[in-house]
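Visitor: what shape does this take:
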Amino acid sequence: MDLQRFLGWRVATLLLLMPCGLQCLSVHIINEEPVHVIPGSSLVLKARIEHGPLEEISAVAWEREPETGLSPGRLALATCPGRSLGCSATRPNVHVTMEQQESTLQISGYSNTESGVYAVTVTDNKGAKATAHCIVRMYEEVHHVSVSINVSHSSLVCGEAWGTEPNFSWLYERAAVTQTVGRVSKDGTTLLVTMTPFCGHFTCTVSNKLGHSSATYTAAPCETKGSGTIAAVVCFILALLFGGALAFVLWRRHRHNNRRERLREHLDDTI
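Guide: Presented below is the predicted three-dimensional model:
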């Protein structure tokens, strides 16, 4: 008997020394937040539930509240009585399932009014509760792209208002930027121009899943090689024409002088 008592105290002591003993109820939403949802598509949130061997899940509840806090209070979305598959939802586009230690919330036909902070609360058979939260926002298209110049650093900076997951790319004279033109920063927002002279058209395009928008910065006009060659040819032709005209005038003058000299010699011989 003394041995049983001793062993019982030892087990109890070990349970007390454990971080959460055999009662370790927890829940977390495995989606990386914030979650952005394209309007009209489906929102899917998955929650992972952890509990000890002596615990049983008695209820799982999904709720939503505004992110800004302007309209206080939570809106109940669905509840599940423990591991039962018969989850009940408060709206027709809401569907919740329970599988082993995971609960999945799906909302079809997502709209902006369904953005906010989502919460899942798990309750065990002893009344202990654990809650996890996740921010959900609407996926926004790209808006108001602009390009500004930093003269001191010879760089162009591309900005965008509030689009979700914006991707930046640069064009120079409608072609992809090369090393001869400049270097693009890792995030794509800045183009460091290394070409000289700083001239031509630089276009920044911002895109995401819903479309794209662009803006162009126009520097001083570039002097192309073709125009320089044409100017050189024109100058050469003008020089030839001027030289030919000058040579013709000198030739006419020389011929006129020779005729006058011959006429004078003829008159002297006659006299």
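Visitor: quick one, what contacts Pro81?
Guide: Neighbour list for Pro81: 58-59 [criterion: Cβ atoms under 8 Å, 6 or more residues apart in numbering]. Glycine gets a C-beta too; all of them are placed from N, C-alpha and C.
Visitor: just the strands in the stretch 51-200 of the chain please.
Guide: 57-65, 75-80, 88-89, 94-99, 102-107, 116-124, 129-138, 146-150, 155-159, 167-172, 175-176, 182-184, 190-193 (DSSP state E, counting those that start in this stretch).
Visitor: can you give the strand pairings for the first one, parallel or anti for each?
Guide: In the sheet containing strand 57-65, its partner strands are strand 75-80 (antiparallel), strand 116-124 (antiparallel), by DSSP bridges.
Visitor: how about the third one?
Guide: Take DSSP bridges as the rule and strand 88-89 pairs in its sheet with strand 75-80 (antiparallel).
Visitor: list the contacts of the strand it pairs with.
Guide: 59-65, 86-91, 94-96, 98, 103, 105, 107, 118.
Visitor: ok, now stretch 32-47?
Guide: 27-31, 60, 62, 102-112, 114, 118, 120, 122, 132, 134-140, 164-165, 209-210.
Visitor: one more pass at 7 Å, please.
Guide: Stretch 32-47 is contacted by residues 27-31, 102-112, 118, 120, 132, 134-139, 164, 209-210 when judged by Cβ atoms under 7 Å, 6 or more residues apart in numbering.
Visitor: on that earlier part again, just the buried members of the contacts of strand 75-80?
Guide: 60-65, 87, 89, 94-96, 98, 103, 105, 107, 118 (16 or more other Cβ atoms under 10 Å).
Visitor: please enumerate the helices of this protein.
Guide: 2-17, 225-270 (DSSP state H).
Visitor: which of the ones you listed has the lowest mean pLDDT?
Guide: Lowest mean pLDDT within these: helix 2-17, at a mean of 48.
Visitor: spatially central residue in this protein, please.
Guide: Pro166 (1.9 Å; Cα atoms, centre = their mean).
Visitor: okay, now the unreliable bits of the stretch 1-150 of the chain?
Guide: The stretch 1-150 of the chain contains residues with pLDDT under 70 at 1-23, 69-72, 83-85.
Visitor: so what's Asn167 up against?
Guide: 188, 206-208.
Visitor: report the separation between it and Cys158.
Guide: According to Cβ to Cβ, to the nearest Å, Asn167 stands 11 Å off from Cys158.
Visitor: common neighbours of these two, please.
Guide: In contact with both Asn167 and Cys158: Val206, using Cβ under 7 Å, 6+ apart.
Visitor: tell me how many other residues crowd Ser148.
Guide: Per other Cβ atoms under 10 Å, the neighbour tally for Ser148 reads 11.
Visitor: try Glu141
Guide: 17.
Visitor: any idea of the pLDDT on the residue nearest to the centre of the chain?
Guide: Pro166 carries a pLDDT value of 97.
Visitor: deepest in the core, which of the strands paired with strand 57-65 is it.
Guide: Comparing the strands paired with strand 57-65 on average neighbours per residue, with mean count of other Cβ atoms under 10 Å, the densest one is strand 116-124 at a mean of 21.
Visitor: what angle sits between that one and strand 102-107?
Guide: Relative orientation of strand 116-124 and strand 102-107, computed by axes from the mean of the first three to the mean of the last three Cα atoms, to 10 degrees: 150 degrees.
Visitor: not counting strand 116-124 itself, show me its contacts.
Guide: Applying Cβ under 7 Å, 6+ apart, the contact partners of strand 116-124 are 25, 27, 29, 45, 47, 49, 51, 55-67, 74, 103, 129-136.
Visitor: run the chain-centre distance for it.
Guide: On the basis of Cα atoms, centre = their mean, to the nearest Å, strand 116-124 sits 31 Å off its chain's mean C-alpha point.
Visitor: could you give the angle of it to strand 129-138?
Guide: Orientation check (the same axes, to 10 degrees): strand 116-124 against strand 129-138 gives 160 degrees.
Visitor: just the CA coordinates of strand 116-124, formatted as CSV?
Guide: Output of strand 116-124 as CSV, limited to C-alpha atoms (Å, rounded to 0.1, in the frame of the first residue of the first chain):
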residue,chain,number,x,y,z
GLY,A,116,-12.9,41.6,-40.5
VAL,A,117,-11.3,39.5,-37.7
TYR,A,118,-12.4,35.9,-37.6
ALA,A,119,-12.2,33.9,-34.4
VAL,A,120,-12.5,30.2,-33.6
THR,A,121,-13.2,29.2,-30.0
VAL,A,122,-12.8,25.7,-28.8
THR,A,123,-14.4,24.5,-25.5
ASP,A,124,-13.5,21.2,-23.8
